[in-house]
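Novice: Here is a sequence together with a model predicted from it:
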Amino acid sequence: MDVILYGLGPIGRQILDVAARSETLHILGAVDIDPALVGRDVATLSTHSRQAGPQVVATVDDLPTELYTRNGATALHATGSRLSDVWPQLRQLLDAGLSVVSTCEELSYPWHQHPELSKEIDRYARERGRTVLGTGVNPGFVMDVLPMCLTAVFDDVQGIHVTREVDVSSRRVPLQRKVGVGLEPTRFAQMAATGKIGHVGLEESARLVAHGLSWEIDGITNAIEPTIATARHRVELGELLPGEVDGLAQRCVATTKDGRTIELDLVMRVEVEQKDEIVVTGAERHRVVIPGGLPGDTATAAITVNCAERIGGMDKGLLTMAEAGLPRYQHRSFGRGSPLPQDQSKEEDR
């Protein structure tokens, strides 16, 4: 399968590592605006050594011309969280003849917050016979797709409650900044009020669950509060003092007219005990706990590549994970590294 990488930040590098280990994925190109990366061989950016590959370019227009004539290629897109910011990038990729699997959080369920833009993306992709899919671990799996799958063994569902607790102590600096680590509580409140801080995608997860279960949401509430350090900690951002923000607690609750509920609680803070917990209630009540929780970055990279492997059999247009079919691992004979596209015919690539 032919892929290009679009965005080589922390998540993009993780996606590169998964793709580079595969014997069945062919990395045709890579795009990133960072001048320090442009011109570098993608093999030098992967933790898995392999033969020389394509060079990183700054724009889609700089990709090899063979990409535009090759059927079935897919872009693995990992740049921004906001759909309005990444739509120009998605449009370029569609114009290049590529389907897209993106980690953009708002793309996981964009139909409520961006109804007109969602229609435009759907139409644009359909006209070109391509697919656009938003995925990830959260949103995209643990707080939406996984609870939806669990409802398959119920004959009636009245409520879903998902709790995810993530220790950000050793996570990448951008994530620590996103959850407010090191801020004063008053500054946290100011940034939260203007949407400049916090996890993007919690409401999208709630709406994706409702969409997948054919529930009509009657009301939805969102809340975000800082969590406060009670001891000194050393984190990637520096020293964290007692009284400073060490993370956040976010909550989204969606209700239907007939009283069904979707409750999502996300805690991302320093040295919290990690776990994912899903409780589904109806005629019965079942609780599933993943001790230690699913890893954020590596799981996002894996589900992105796994979805890309299956995108050829999906409908065209803008899809959510509710329409994408059962997400699952695709065996790729890991070990030797991604075969190179140079000097290979189309038949050999397949």
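Specialist: Thanks, I have the structure now.

Novice: All the strands of the stretch 101-250 of the chain, residue numbers only.
Specialist: If you assign secondary structure with DSSP state E, counting those that start in this stretch, the strands in the stretch 101-250 of the chain sit at 131-134, 157-167, 217-228, 233-235, 238-240, 245-256.

Novice: Please name whichever of those is nearest to residue 301.
Specialist: Residue 301 sits nearest to strand 131-134 of all the strands of the stretch 101-250 of the chain, at 14.8 Å, using CB to CB. Where C-beta positions appear, they are placed from N, C-alpha and C, glycine not excepted.

Novice: in its sheet, what does that closest one sit against?
Specialist: strand 99-102 (parallel), strand 317-319 (parallel) (DSSP bridges).

Novice: what's the most buried one of those strands?
Specialist: Among the strands paired with strand 131-134, judged by mean count of other CB atoms under 10 Å, the one packed with the most neighbours on average is strand 99-102 (a mean of 28).

Novice: Quick one: distance of it to the chain centre.
Specialist: Relative to its parent chain, strand 99-102 has a centroid offset of 11 Å by CA atoms, centre = their mean, to the nearest Å.

Novice: any idea of the mean pLDDT for it?
Specialist: Looking at strand 99-102 alone, the average pLDDT works out to 98.

Novice: can you check stretch 143-153 too?
Specialist: Model confidence over stretch 143-153, given as mean pLDDT, is 97.

Novice: and that stretch, how far apart are its ends?
Specialist: In terms of CA to CA, to the nearest Å, the two terminal residues of stretch 143-153 are separated by 18 Å.

Novice: residues touching residue 15, list them.
Specialist: When the contact criterion is CB atoms under 8 Å, 6 or more residues apart in numbering, the partners of residue 15 are 5, 76, 78, 300, 301, 304, 305.

Novice: list the contacts for the last one?
Specialist: Residues in contact with residue 305, defined by CB under 8 Å, 6+ apart, are 15, 18, 19, 22, 25, 76, 330.

Novice: and if you look at the fifth one?
Specialist: Each residue near residue 301 by CB under 8 Å, 6+ apart is listed here: 11, 14, 15, 17, 18.

Novice: if I look at the last one, how far off is residue 105?
Specialist: Which is residue 18. 19 Å (CB to CB, to the nearest Å).

Novice: now the lengthiest helix in the chain against strand 157-167, angle please.
Specialist: Taking DSSP state H as the criterion, the chain has its longest helix at helix 296-310. Computed with axes from the mean of the first three to the mean of the last three CA atoms, to 10 degrees, the direction of helix 296-310 lies at 130 degrees from that of strand 157-167.

Novice: What mean pLDDT does helix 296-310 get?
Specialist: Here the average pLDDT along helix 296-310 is 94.

Novice: Pick out the residue closest to the middle of this structure.
Specialist: Per CA atoms, centre = their mean, the C-alpha nearest to the average position across the chain is that of residue 136, at 2.7 Å.

Novice: That one and residue 278, how far apart?
Specialist: When CB to CB is the yardstick, residue 136 and residue 278 sit 17 Å from each other.

Novice: quick check: domain ranges of the chain?
Specialist: Per automatic domain parsing, the domain ranges recorded for the chain read 2-136+298-349, 145-293.

Novice: tell me how far the first one is from the chain's mean position?
Specialist: Spelled out, that is domain 2-136+298-349. The chain centroid and the centroid of domain 2-136+298-349 are separated by 12 Å, computed with CA atoms, centre = their mean.

Novice: And for the last one?
Specialist: Chain-centre distance of domain 145-293: 15 Å, with CA atoms, centre = their mean.

Novice: now the end-to-end length of it.
Specialist: With CA to CA as the measure, the first residue of domain 145-293 is 15 Å from its last.
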